[in-house]
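> Provided below are the primary sequence and the corresponding predicted coordinates.
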Amino acid sequence: MSDLRRLLIHGLLALLGVGLVACGALVDPNPYVAVIDAGSSGSRVYLYQRSQSGSQTRTELLYSEAGGLAMSSFETNPTEAGPKGVQPLLTTLRTKLAQLGIDEAQVSIHLLATAGMRLVEQRNPDAAATLYNSVRNTLASTRMRVGRVETMSGQLEALYAWANANYLSGTFSGSGKTPVGIIEVGGASAQLAYVTSASAADSNIISVVIDGRSYRVYGISWLGLGQNEARRKMIESTASGGGTSNNACYPDNPSGAGGLTDFDADIGGYRIAAGRYNFDTCSSLYSAVLKPFNVGAASQGADFAATYLLGISSLEFALKDWKALDDESVLDDNLKATCEGTNAWGAKVSPFLGGSTNRFAQNSCANGTFSHTLMFGSSGVGVRPSQFSAVSTIDGQPLTWTQGFALIQD
């Protein structure tokens, strides 16, 4: 298509109030959009209905279902990714469509993988290609229109998460609200996105038009700074406090309270034989993990300083665990008071976190310290507690990049 013809088409659609991404791709015309979020720790399917309200594009979440396996878990058996990874979610989705009276032909379905598959593509591109062929074949067994089936770039993940947060906050409704930024931490990567006035020539800036308004969004992703991958690097550190014995990011538990003889690090098969938590030492280990990424370079300037930021995904989980959602400044105090000391696991940490009901409890001292170091540490993003809050919902609606994708598909 010629550039002139593309511009004419875009101009016509803009008059109709349809949002477009600056690169020029058109919003999917199907009224229903199903998105499979193939994350590093599991997959979930979302179903949205998209409509126009005046000049505004609306997206309504109709259904979501978790429980799908992570696509990256099929690296060694990629031909099974469709039948065993996608089909269970697809079956529940099709049942829901029938219940809602929605014709499958009205649905476009997409599978977008995030950081877990970015790592697979780096180390095993042939397996990734086979995996996606398996997924496409499974999706093609329905009457839904198969759209994007691929690994999403970290920058687009940041953009879509930003769009979702601002859509739910009412930024795009014409209310004149100032856009919020997002800081998202997953299992394998972390994302930052906020509106900037900097030159669009910067490779980290995406220009996007939503409901007729233009935004310049600084979006960046750090592959390897998800809390699981960061924890792996911390454990593998040869510095004092690292390793699997007497690790400075895990609490002391010499009595084996709760039946724990060691801690399951939930990454790389590591088990921590003994913990000797120390906030300063653990923070130093995580600072060393952060330094090669130079994350502070992404938060320089007046635009970032003036932006109110929402912490989402694992950041929200960590701050909720450490009772710092209402006051982020107490995160380090609660970590020190709870994780440090003799027999800290059984006497303080487990009761504080709700005992066995918290599946992340064994790694919570480490995860909480990573969150603090990333957000507020000298090697981190450099957020002021007053410009930040961690949330999982806005007005009762879940925060998920999939809704941003449904809103502004590129």
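That came through fine.
> what residues sit buried inside stretch 259-275?
Leu260, Asp262, Phe263, Ala265, Asp266, Ile267, Tyr270, Ile272, Ala274, Gly275 (16 or more other Cβ atoms under 10 Å). C-beta coordinates here come from the backbone N, C-alpha and C atoms, glycine included.
> how about CSV for these, with secondary structure and pLDDT added?
Listed next are the buried residues of stretch 259-275 as CSV, based on DSSP: H, G, I helix; E, B strand; the rest coil; pLDDT from 0 to 100:
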residue, secondary structure, pLDDT
Leu260, coil, 91
Asp262, coil, 94
Phe263, strand, 96
Ala265, coil, 96
Asp266, coil, 94
Ile267, coil, 95
Tyr270, coil, 97
Ile272, strand, 97
Ala274, strand, 88
Gly275, strand, 95
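> residue contacts, Ile183?
Counting by Cβ atoms under 8 Å, 6 or more residues apart in numbering, Ile183 touches Ala190, Gln191, Leu192, Leu309, Leu310, Gly311, Ile312, Leu315, Met375, Val381, Val383, Phe388.
> how about the secondary structure of it?
strand (DSSP: H, G, I helix; E, B strand; the rest coil).
> distance of it from Gly396?
Distance from Ile183 to Gly396, counting by Cβ to Cβ, to the nearest Å: 22 Å.
> re the thing from before, between the buried residues of stretch 259-275, which sits nearest Ser153?
Within the buried residues of stretch 259-275, the smallest distance to Ser153 is 23.4 Å, found for Ile267 (Cβ to Cβ).
> in JSON lines: the contacts of Ile183, plus secondary structure, distance to Asn228 and neighbour count.
Output for the contacts of Ile183, formatted as JSON lines (DSSP: H, G, I helix; E, B strand; the rest coil; distance: Cβ to Cβ, whole Å; neighbours: other Cβ atoms under 10 Å):
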{"residue": "Ala190", "secondary structure": "strand", "distance to Asn228": "11", "neighbour count": "30"}
{"residue": "Gln191", "secondary structure": "strand", "distance to Asn228": "15", "neighbour count": "29"}
{"residue": "Leu192", "secondary structure": "strand", "distance to Asn228": "18", "neighbour count": "24"}
{"residue": "Leu309", "secondary structure": "strand", "distance to Asn228": "22", "neighbour count": "24"}
{"residue": "Leu310", "secondary structure": "strand", "distance to Asn228": "21", "neighbour count": "24"}
{"residue": "Gly311", "secondary structure": "strand", "distance to Asn228": "17", "neighbour count": "25"}
{"residue": "Ile312", "secondary structure": "strand", "distance to Asn228": "16", "neighbour count": "25"}
{"residue": "Leu315", "secondary structure": "helix", "distance to Asn228": "14", "neighbour count": "28"}
{"residue": "Met375", "secondary structure": "helix", "distance to Asn228": "17", "neighbour count": "24"}
{"residue": "Val381", "secondary structure": "coil", "distance to Asn228": "19", "neighbour count": "21"}
{"residue": "Val383", "secondary structure": "coil", "distance to Asn228": "22", "neighbour count": "21"}
{"residue": "Phe388", "secondary structure": "strand", "distance to Asn228": "22", "neighbour count": "20"}
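> from these, which is closest to Arg94?
Closest to Arg94 out of those is Ile312 (29.6 Å), distances taken as Cβ to Cβ.
> quick one: that closest one from Val185, how far?
Ile312 sits 8 Å away from Val185, taking Cβ to Cβ as the criterion.
> same thing with Ala193?
13 Å.
> which of these two has more residues huddled nearby?
Ala193 (32 against 28; other Cβ atoms under 10 Å).
> identify the bridge partners of that one.
Ile182, Gly219 (DSSP bridges).
> that one against Leu159, yeah?
Yes - counting by Cβ atoms under 8 Å, Leu159 is a contact partner of Ala193 at 6.1 Å.
> shared neighbours of these two, which are they?
Common neighbours of Ala193 and Leu159 (Cβ under 8 Å, 6+ apart) are Val217, Gly219.
> which elements pack onto the strand ranked longest in the chain?
In the chain, with assignment by DSSP state E, the single longest strand is strand 56-68. Secondary-structure packing of strand 56-68 (3 or more Cβ pairs under 8 Å, 6 or more residues apart in numbering; DSSP states H and E): strand 32-38, strand 43-53, helix 87-100, strand 397-398, helix 401-408.
> and the helices in the stretch 151-300 of the chain?
Along the stretch 151-300 of the chain, the segments classed as helices by DSSP state H, counting those that start in this stretch run 154-169, 227-236, 279-290.
> dump the second one to CSV, restricted to CA.
Coordinates of each C-alpha in helix 227-236 appear next as CSV, following Å, rounded to 0.1, in the frame of the first residue of the first chain:
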residue,chain,number,x,y,z
GLN,A,227,11.1,-10.6,40.3
ASN,A,228,11.8,-14.3,39.5
GLU,A,229,14.7,-13.7,37.1
ALA,A,230,16.1,-11.0,39.5
ARG,A,231,15.9,-13.5,42.3
ARG,A,232,17.8,-16.1,40.3
LYS,A,233,20.6,-13.5,39.7
MET,A,234,20.6,-12.6,43.3
ILE,A,235,21.0,-16.3,44.4
GLU,A,236,23.7,-16.9,41.8
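> quick one: end-to-end distance for stretch 344-354.
14 Å (Cα to Cα, to the nearest Å).
> hmm, I typed the wrong one, I wanted stretch 391-400.
Terminal residues of stretch 391-400 lie 11 Å apart, using Cα to Cα.
> buried set for it?
Val391, Ser392, Ile394, Leu399, Thr400.
> I figured the third one hits Ala165, correct?
The one in question is Ile394. Yes - the pair formed by Ile394 and Ala165 meets the contact definition of Cβ under 8 Å, at 7.0 Å.
> list the contacts for Gly170?
Going by Cβ under 8 Å, 6+ apart, Gly170 touches Lys177.
> against Gly212, how distant is it?
Gly170 is 16 Å from Gly212, by Cβ to Cβ.
> for Lys291, list the residues it contacts.
Ser379.
> make that Met71, sorry
With contact set as Cβ under 8 Å, 6+ apart, Met71 has these partners: Ala38, Ser43, Ala81, Gly85, Leu111, Ala113, Gly116, Met117, Val120, Leu131, Val135.
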